[in-house]
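S.K.: Got a predicted structure plus its sequence, pasted below:
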Amino acid sequence: MQEVTPAPRTNYRWTVCALLFFAATINYIDRQVIGLLKPALEKEFHWDERTYAAIVFSFQFAYAIGMVLSGRIIDRIGLKKGFIIFVGLWSLAAMGHGFAHLLPAFSLPWMQIDAKTGFAFVTLTGAAAGFALMRFLLGLGEAGNFPASIKATAEWFPKKERAFATGIFNSGTNIGALGAPLLVPWIAVTWGWQWAFIITGAIGFAWVIWWYFAYHTPREHPRISQAELAHIESDPPDEQGKVSWLSLLKFRQTWAFAIGKFMTDPVWWLYLFWIPGFLNKQHGVDLKNIGLPLVVIYLVADVGSIGGGWISSRLIRAGWTVNAARKTAMGICAVSVIPIVFVNDVGMWPSVLLVSLAAAAHQGWSANIFTTASDMFPRKAVGSVVGIGGMAGAVGGMLLAFVVGEVLQRTGSYAILWFIAGSAYLIGLAIIHLLVPRMEPVKMEDIAEAEAK
């Protein structure tokens, strides 16, 4: 009897992973452009710190809304169409920044602190209003990236490969953060700040074309073998049961994750949107010289992301409980952020190194806090819990943007902001520990019971 040779297994799922990686890279390039151009834009349009904070706020406000809506939209219209819509929207908005100052005159309300009356409403007009509108649209579009990528990973990878695939595509965020300081200043100096927005925004449409022709569901894709399809579908069916945000809000574990994100995600936004301005104001670093300091910061941050995950994994292999390992790693990261409070008192390169250490600690913290969601919840609920945490982080970012604008407008000093950054992680870890001292896992039957109440 002749032995049947099994058909070779294709590896097309890794092409899908590459698509997700480049989407994350483009996502972070587009959101970082305005931070890199902050000094130039403030000079050209005579913005004060409150105005720039209002523009940043509009992005985070939209991002929070998008975190609530994007997953449901993608589930309803399908991953292929949904991803095209979100990337197309954010790419149009990114390019639109280059024309924001040319929009017809209109006004947008903005709130500031008034010394006599407390809160007062003012209006953003002209270029500021145009940029705020474009940042809002950018936030709505960019919020769809992570939910779409997680869904694509679930469709194309068995569970034993999903964490690795997620790590690969998520590393695109750091590549984007590294690439933007190299690309954007050169474009702005060579052709003007408008072209920095237009060219980086247009990259997204090249990705959309690639995605349109390259992506289908595994069962419909003409380029994968039956062997690869069997590999993708090798897991047993997921646990059944309804999971809603409302039911998840009844668990302390959800609040621990969300508050941890609320306390610390805004610090990352602080680095992303205000570090270029800080280096310019404090040390005279301009567009021609900003690339190397920012590359150092985000390269060290990338190392921190890997190192933070390695610490907790190493402790677990050494016999520590998951609870002890995760919190110890997060504690190390929280302590490592503290030296950033001295950034105002040192020279340029020591400042860069202190920010680099803090950014690396944030990424290490982030790797661990994301993992606590899968430590404490069944797989079917993890996406929803991460969505809740993402929205909480965006809301925290909105509030910090407001605070940053007021602090810089009134004092002209970043000292208070560095104190906030240096203390946020220890406070966040303390709250997490109070809410979940042992990180007890939630089961699907617990969620079903909460749904029934």
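M.R.: Here it is on my side, so go on. Numbering: from 1, shown residues only.
S.K.: and the helix or strand where residue 298 lies, average pLDDT?
M.R.: Using DSSP states H and E, residue 298 sits within helix 291-317. For helix 291-317, mean pLDDT rounds to 86.
S.K.: and that helix, what does it pack onto?
M.R.: The elements that helix 291-317 packs onto, with contact taken as 3 or more CB pairs under 8 Å, 6 or more residues apart in numbering; DSSP states H and E, are helix 159-191, helix 252-283, helix 322-337, helix 348-376. Yep, even glycine has a C-beta here, placed from its N, CA and C like the rest.
S.K.: What mean pLDDT does the helix or strand following the first one get?
M.R.: On the C-terminal side of helix 159-191, the nearest following helix or strand under DSSP H and E is helix 193-214. For helix 193-214, mean pLDDT is 96.
S.K.: what about the stretch 151-300 of the chain, any weak spots by pLDDT?
M.R.: Across the stretch 151-300 of the chain, residues meeting the criterion (pLDDT under 70) sit at 163, 235, 237-242.
S.K.: Try it again at 90.
M.R.: Within the stretch 151-300 of the chain, the segments meeting pLDDT under 90 span 151-179, 182, 216-248, 272-273, 285-291, 295, 298-299.
S.K.: on that earlier part again, what are the buried residues along the helix holding residue 298?
M.R.: Using 16 or more other CB atoms under 10 Å as the test for burial, helix 291-317 gives 291, 293-302, 304-305, 307-309, 311-312, 315.
S.K.: same check, this time on stretch 167-174
M.R.: Buried, per 16+ other CB under 10 Å, within stretch 167-174: 168, 169, 170, 171, 172, 173, 174.
S.K.: Might one say that the second one is in contact with residue 16?
M.R.: It stands for residue 169. No - using CB atoms under 8 Å, residue 169 and residue 16 do not qualify as a contacting pair, with a distance of 9.2 Å.
S.K.: Residue 243 in helix, strand or coil?
M.R.: Under DSSP: H, G, I helix; E, B strand; the rest coil, residue 243 falls in the coil class.
S.K.: Skipping its backbone neighbours, what lies nearest it in space?
M.R.: Ranked by CB to CB, 6 or more residues apart in numbering and with sequence neighbours excluded, the top spatial neighbour of residue 243 is residue 381, at 4.8 Å.
S.K.: hang on, isn't the one you found packed against residue 443?
M.R.: No - at 9.8 Å, residue 381 and residue 443 do not qualify as touching, with contact defined as CB under 8 Å.
S.K.: more neighbours, those two?
M.R.: A direct count of neighbours by other CB atoms under 10 Å for residue 381 and residue 443 places residue 381 higher, at 26 against 14.
S.K.: what angle do the strand or helix carrying that one and helix 348-376 make?
M.R.: Residue 381 belongs to helix 379-411 when assigned by DSSP H and E. Relative orientation of helix 379-411 and helix 348-376, computed by axes from the mean of the first three to the mean of the last three CA atoms, to 10 degrees: 150 degrees.
S.K.: Helix 379-411: how far from the chain's middle?
M.R.: The chain centroid and the centroid of helix 379-411 are separated by 10 Å under CA atoms, centre = their mean, to the nearest Å.
S.K.: Which residues belonging to that helix are considered buried?
M.R.: Within helix 379-411, the residues scored as buried using 16+ other CB under 10 Å are 381-398, 400-409.
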